[in-house]
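Trainee: The following block contains a protein sequence and its predicted model.
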Amino acid sequence: IGASLELAEGLLGDDVNDSAAAWEVATCLIGGSGATFNTDRGTPGSAPGVCANSAVPDGTGEVVFNEVMQNPSQVLDANGEWFEVLNTTAAEIDLAGWQIGLGSSSFVVEGPLPVPAGGVQLFARNGDPAANGGLPAAYDYPDTLFLGNGSQSLSIADAEGALVCLLSYDNGATYPD
């Protein structure tokens, strides 16, 4: 899903293309620009294997908030607040140098912190599983970022400062609390 089949390089002759071994899954991103960047894989209009777009550009929603625990019940907020980010692309993304913000507070991710293609990374206010309710945190973020139990806006910006994701939740009026 999301990738074309293409003839393997060097197997373009009509005498070999009817063999399953002559076909492979495309690895090149289709691409485009800005918010319309297509992360499906294939080389429409180009020879197989000629990648015009080898990386996902910044600022296209490639990393989004997947889960947010702003008000834990089993441990204190100072120990149990956490959020998870999801890589929505077919390529690994390293979050080193990216910024996570909450209102006027923010921190820069010290890396490397790779997020696998289609995978997640868990950020916890307290990275110690013995104190945080058993969370397997990949990143222990600074205590200066407090996930409020009321209305808040969380943001993700790439290493160049471009906004990638913005999540604004409320005090439970419309978002679950």
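Mentor: Okay, I see it.
Trainee: in the protein, which helix or strand is least confident?
Mentor: Lowest mean confidence among the helices and strands of the chain (mean pLDDT, DSSP states H and E): strand 38-41, at a mean of 72.
Trainee: Off-centre distance for the helix or strand following that one?
Mentor: Where DSSP states H and E defines the elements, the next helix or strand beyond strand 38-41 is strand 63-69. Put simply, strand 63-69 sits 9 Å off its chain's centre (Cα atoms, centre = their mean, to the nearest Å).
Trainee: what's the answer for stretch 111-130, then?
Mentor: 11 Å.
Trainee: Repeat that for stretch 77-89.
Mentor: With Cα atoms, centre = their mean, you get 12 Å for stretch 77-89.
Trainee: Which positions in it come out as buried?
Mentor: Of the residues in stretch 77-89, 77, 79-89 count as buried by neighbour count, 16 or more other Cβ atoms under 10 Å. The way it works is simple: take the backbone N, C-alpha and C, and place the C-beta from them, glycine included.
Trainee: Stretch 61-78 too?
Mentor: Within stretch 61-78, the residues scored as buried using 16+ other Cβ under 10 Å are 62-63, 65, 68-70, 72, 77.
Trainee: which pair in those residues spans the largest distance?
Mentor: Across the buried residues of stretch 61-78, the longest distance by Cβ to Cβ is 29.4 Å; it joins 62 and 77.
Trainee: Where do the helices of the chain begin and end?
Mentor: Using DSSP state H, the helices of the chain run over 77-80.
Trainee: For beta bridges, what are the partners of the nearest residue to residue 137 once chain neighbours are set aside?
Mentor: Distances taken as Cβ to Cβ, 6 or more residues apart in numbering put residue 124 closest to residue 137, at 3.5 Å, once the chain neighbours are dropped. Residue 124 has the following beta-bridge partners by DSSP bridges: residue 82, residue 140.
Trainee: any low-confidence regions in the protein?
Mentor: 1, 10-14, 16, 32-39, 48-49, 53-60, 176-177 (pLDDT under 70).
Trainee: what's around the nearest residue to residue 97 once chain neighbours are set aside, how many residues?
Mentor: Once flanking residues are discounted, residue 97 sits nearest to residue 159: 3.6 Å by Cβ to Cβ, 6+ apart. By the criterion of other Cβ atoms under 10 Å, residue 159 has 15 neighbours.
Trainee: Residue 132 too?
Mentor: Neighbour tally, residue 132, other Cβ under 10 Å: 24.
Trainee: before we move on, what about residue 119?
Mentor: Residue 119 - counted by other Cβ under 10 Å - has 12 other residues nearby.
Trainee: do you know how far the residue most central in space within the chain is from residue 130?
Mentor: Centroid check for the chain by Cα atoms, centre = their mean gives residue 87 as the closest residue, at 2.3 Å. Separation of residue 87 from residue 130 (Cβ to Cβ, to the nearest Å): 28 Å.
Trainee: No further queries at this time; thank you.
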